[in-house]
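Enquirer: Task: produce atomic coordinates for the following.
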Amino acid sequence: MRIAVAHNPDRSWTAPIMSLAPGIILSCLVALAAFGLEAVEVRLSGHRFIENLVLAILIGTLIRSLVSLSEVFKPGIRFCEKFILEVAIVLLGASISVQALKAAGPALVLGIIGTVVVAIAVSYGIGRALGLNRKLATLVACGNSICGNSAIAAAAPVIDAEPHDIASAIAFTAVLGVIMVLALPLALVGLGMTGAQYGVLSGLTVYAVPQVLAAAQPGGVIAVQTGTLVKLIRVMMLGPVLFALGMTMRSGSSGAKVKLRHIAPWFIIGFALMMALRSAGAFPEEFIEPLAHTSNALTVLAMAALGLSVDIRSLGRAGGRVVATAVLSIAALTAIALALIFALQIG
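Expert: Now for the predicted structure:
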């Protein structure tokens, strides 16, 4: 006699959620610690010398570098690092109007495009001069010039990159991206930059969108808004660059195709839509500040997850030539960005 075993339909949809729980909880704890340390900092000194976004990165990175995290945490950490971040960026669009985009002007937009093109060429040239193979040099150039890990991950299948090359390229963006976030605010003081100038510098030189938010925050609201706008225009260059790579570097006739999500990621479309709705007056004014606070809280959570993904020790495993290429490329990109700010007389 056969005995029928009842199927539990709840288990099928709860399993993926439960797999995310450990990583999400750990990321939330790191984010709460960042908020708590910032509160202590303000209570003791009256100022926020290190913002919650940066504290979240530091705490997460410290944990990841000192402790071997179990695999059970990784799905939730990746979820926070990617999806939560993208939601935060969409909500951030409600705090920026189309008027801000118009204020950027065609000169700045063309300058951003030119910066990306020149930076890719310079970074690729540095990599090849230091002995990197074509594919690895291309990955480093795309990561440095556009949007770090996202650009590397998007470019890798297009040029049929080897797994070890991808790992080496991602290692430098993970660690040096955090270093840029921590070091860039020194330019605000050392160069006496205005909020708009510092926002442009942040948007042009920092790898990932959430890192731009962290790096630009010391410059104030104008720096954050300008940096985000510049960075998103820079990210939009990923589509044209991938098409160019697909035409010039695809291996064989079976090369990977460029997908629509590489050209127009959903969060950029969502960001633009929220910006348009804000400009059209669709959001009551009293909603804007809560949306901005929500975006910030989600960004801190994403930054906590980002920190939990960064192992300082990975930099040593990436290889000296990759590290040298990355450092020289960052220096070149910073010089190009400063030249653009000077040339356009951004005030």
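Enquirer: going forward, measure contacts between C-alpha atoms and count neighbours the same way
Expert: OK.
Enquirer: show me where pLDDT drops low in this protein?
Expert: Applying pLDDT under 70 to the chain flags residues 1-13, 47-49, 96-104, 174, 249-265, 314-319.
Enquirer: Please go through it and pick out the longest helix.
Expert: helix 9-45 (DSSP state H).
Enquirer: Helix or strand next in line after that one, which one?
Expert: Once the chain leaves helix 9-45, the next helix or strand it forms, by DSSP states H and E, is helix 52-66.
Enquirer: can you give me the angle that following helix makes with helix 9-45?
Expert: 110 degrees (axes from the mean of the first three to the mean of the last three Cα atoms, to 10 degrees).
Enquirer: For helix 52-66, name the packing helices and strands.
Expert: Under the contact criterion of 3 or more Cα pairs under 8 Å, 6 or more residues apart in numbering; DSSP states H and E, helix 52-66 touches helix 9-45, helix 163-183, helix 209-216, helix 285-308.
Enquirer: how about it: buried residues?
Expert: Counting neighbours by 16 or more other Cα atoms under 10 Å, one finds that the buried residues in helix 52-66 are 52-65.
Enquirer: Relative to residue 303, how far out is the residue nearest the centre of the chain?
Expert: By Cα atoms, centre = their mean, the chain has its centre lying nearest to residue 208, at 1.5 Å. According to Cα to Cα, to the nearest Å, residue 208 stands 10 Å off from residue 303.
Enquirer: Of the helices and strands packed on helix 52-66, flag the one that's most buried.
Expert: helix 209-216 (a mean of 27; mean count of other Cα atoms under 10 Å).
Enquirer: now the angle between helix 209-216 and the very next helix or strand once past that helix, please.
Expert: Per DSSP H and E, the first helix or strand lying C-terminal to helix 209-216 is helix 221-236. Put simply, helix 221-236 runs at 150 degrees to helix 209-216, going by the same axes, to 10 degrees.
Enquirer: just checking, what packs against the following helix or strand past helix 221-236?
Expert: Next along the chain after helix 221-236, taking DSSP H and E as the criterion, comes helix 238-248. Packing partners of helix 238-248 (3+ Cα pairs under 8 Å, 6+ apart): helix 149-159, helix 260-263.
Enquirer: Highest mean neighbour count out of the ones you listed?
Expert: By mean count of other Cα under 10 Å, those have helix 149-159 as the most buried, with a mean of 23.
Enquirer: Which strands or helices does it pack on?
Expert: For helix 149-159, the packing partners by 3+ Cα pairs under 8 Å, 6+ apart are helix 134-142, helix 163-183, helix 238-248.
Enquirer: Between helix 238-248 and it, find me the angle.
Expert: Using the same axes, to 10 degrees: helix 149-159 against helix 238-248 is 20 degrees.
Enquirer: Export helix 149-159 to PDB, keeping only CA atoms.
Expert: What follows is helix 149-159 as a C-alpha-only set of coordinates in PDB (Å, rounded to 0.1, in the frame of the first residue of the first chain):
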ATOM      1  CA  ASN A 149      32.600  45.600 -10.200                       C
ATOM      2  CA  SER A 150      29.400  46.100 -12.200                       C
ATOM      3  CA  ALA A 151      31.400  47.100 -15.300                       C
ATOM      4  CA  ILE A 152      33.800  44.200 -14.900                       C
ATOM      5  CA  ALA A 153      30.900  41.700 -14.400                       C
ATOM      6  CA  ALA A 154      29.100  43.100 -17.500                       C
ATOM      7  CA  ALA A 155      32.200  43.300 -19.700                       C
ATOM      8  CA  ALA A 156      33.500  39.800 -18.800                       C
ATOM      9  CA  PRO A 157      31.000  37.700 -20.800                       C
ATOM     10  CA  VAL A 158      31.200  40.200 -23.700                       C
ATOM     11  CA  ILE A 159      35.000  39.700 -24.100                       C
END
